[in-house]
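Chemist: okay, predicted coordinates and the sequence, questions at the end:
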Amino acid sequence: MYRMSTPFILGLFFAPIVLPPLHAQTTASIPADTNATAAKPTPTGQAPDDVMKKLSDLVHAGKYAEAQQLTAGLLLAYPEDQRLIKAKVLLDKSFASSKTADPAASASATQLAGMEKVDYNALIELARQAQQTTDLEQQTTLLKQFMKDSDLFLQKHPTEMLLWQLRAASAISLNDLVAGYGAGQKIIASGAADSNDPNLQQLLAQLKNKGWLDEKEATKQAKYNRILGIWSWHSSRIDKRGHVYEDHSRVEFSMYDSGVGGYFIQPNGDKPEKPFFRVTILDSGEMGCKYPTPVLSCEIDDQNGTMKIDFTDPEDQKLRSTWLFHKQ
């Protein structure tokens, strides 16, 4: 399954809130002109290439205010430079749109004061750090910390839409169904479905494609997630003479076809190519188990981390066998 990188995901939301088209257009435009003329003398009336590179670097670094100031100063010296004119238009447009992109979120954030404002800014900075790092392990650590801290903050300030958007994006990266569904519901409730913001619509599309905007589908996925992983397996069977036979092993549950497959793990760690039995989630939300012989019951207990499957014995269908699994 495709998994978007954290920088790409979080970039979707720092861009629209701060400068929507700036990183997508200005950064693409300025380097293109710079590279095209890097090996040629600077034409008369145009800013030097090293200065244009500095402008490009500022934009890439997210220092948009400095980039805007530099562009304004350069235009005084090089008023005919089309690169600068284009950059100024994009910068001005970005700043104008950023002030009106999400009035509700902006108004809400400005109402924070004291340590609450510090906490809010700390969360934004934590998400920025996760965006900027290229170390995947560190990204995961930062994102999990952001999810933990933002959860506590949003319990007191549930109207902070920027944080809900960042939580949704982070949940996609972490493949956190519960957090993604919760954030998606908050975003939809705010009226985001009618937004013309392409980045916000892309976020909603990502959540939709994962099934995280539909309660029924999300519930089904949550039930599957409870099953996935390594379980210890205990089997007991009583023959016609009343003798009890027991066996122990390990079973790996992983996605297979349209459900979950159970694979018995060999002592050397190997597992077969195809599952020995299958578990599906029915439309009713109940578990359905398939085994070579009829399954009598199939249930999971989340509190105890156990799963129990009763079925007729393969050797004698008048007898009953019980499989008990414990989540490791």
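Modeler: Good, I have the coordinates.
Chemist: could you use CA atoms for every contact and neighbour count after this?
Modeler: Will do.
Chemist: which residue ranges of this structure form strands?
Modeler: Counting by DSSP state E, one finds strands in the chain at the ranges 229-238, 244-256, 259-265, 277-281, 287-290, 295-301, 306-312, 320-327.
Chemist: dump the ones you listed to TSV, plus mean pLDDT.
Modeler: Output for the strands of the chain, formatted as TSV (pLDDT from 0 to 100):
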stretch	mean pLDDT
strand 229-238	78
strand 244-256	77
strand 259-265	85
strand 277-281	82
strand 287-290	82
strand 295-301	83
strand 306-312	84
strand 320-327	83
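Chemist: deepest-packed of these, please.
Modeler: Comparing these by mean neighbour count (mean count of other C-alpha atoms under 10 Å), strand 259-265 comes out on top with a mean of 21.
Chemist: show me what that strand pairs with in its sheet, parallel or antiparallel.
Modeler: Paired strands of strand 259-265, with direction, are strand 244-256 (antiparallel), strand 277-281 (antiparallel) (DSSP bridges).
Chemist: what residues does that strand touch?
Modeler: Under the criterion C-alpha atoms under 8 Å, 6 or more residues apart in numbering, residues 224, 227-228, 249-255, 271-272, 274-281 lie in contact with strand 259-265.
Chemist: how about a cut-off of 10 Å?
Modeler: Applying C-alpha atoms under 10 Å, 6 or more residues apart in numbering, the external contacts of strand 259-265 come out as 224-225, 227-233, 249-256, 270-282, 288-290.
Chemist: ok, back up a step: nearest to residue 216, of the strands of the chain?
Modeler: For these, proximity to residue 216 was assessed by C-alpha to C-alpha; strand 277-281 is nearest, at 11.2 Å.
Chemist: how about low-confidence regions in the stretch 151-300 of the chain?
Modeler: The model of the stretch 151-300 of the chain has pLDDT under 70 over residues 237-246, 285.
Chemist: quick one: the helices in it?
Modeler: 161-174, 177-189, 198-209, 215-227 (DSSP state H, counting those that start in this stretch).
Chemist: ok now the third one, how far from the chain's centre?
Modeler: This points to helix 198-209. How far helix 198-209 lies from its chain's middle: 11 Å, per C-alpha atoms, centre = their mean, to the nearest Å.
Chemist: what comes up buried for that helix?
Modeler: 199-200, 203-204, 206-207 (16 or more other C-alpha atoms under 10 Å).
Chemist: so what does that helix touch, helix or strand wise?
Modeler: helix 6-18, helix 161-174, helix 177-189 (3 or more C-alpha pairs under 10 Å, 6 or more residues apart in numbering; DSSP states H and E).
Chemist: repeat the analysis, applying 7 Å as the threshold.
Modeler: helix 6-18 (3 or more C-alpha pairs under 7 Å, 6 or more residues apart in numbering; DSSP states H and E).
Chemist: what mean pLDDT does the helix it packs on have?
Modeler: Helix 6-18 carries an average pLDDT of 41.
Chemist: before we move on, what about stretch 117-137?
Modeler: Over the span of stretch 117-137, the pLDDT mean works out to 87.
Chemist: what sits closest to residue 318 if chain neighbours are left out?
Modeler: Distances taken as C-alpha to C-alpha, 6 or more residues apart in numbering put residue 312 closest to residue 318, at 6.6 Å, once the chain neighbours are dropped.
Chemist: one step back: distance to residue 68 added to the strands paired with strand 259-265, as TSV?
Modeler: Formatted as TSV, these follow (distance: least, C-alpha to C-alpha, whole Å):
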stretch	distance to residue 68
strand 244-256	51
strand 277-281	55
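Chemist: of all these, which one is nearest residue 165?
Modeler: strand 244-256 (28.4 Å).
Chemist: what's the angle from that closest one to strand 320-327?
Modeler: Going by axes from the mean of the first three to the mean of the last three C-alpha atoms, to 10 degrees, strand 244-256 is angled at 60 degrees with respect to strand 320-327.
Chemist: buried stuff in stretch 121-134?
Modeler: Judged by neighbour count (16+ other C-alpha under 10 Å), stretch 121-134 contains these buried residues: 123-124, 126-131.
Chemist: for that stretch, the distance to its chain's centre please.
Modeler: Computed by C-alpha atoms, centre = their mean, the chain-centroid distance of stretch 121-134 equals 15 Å.
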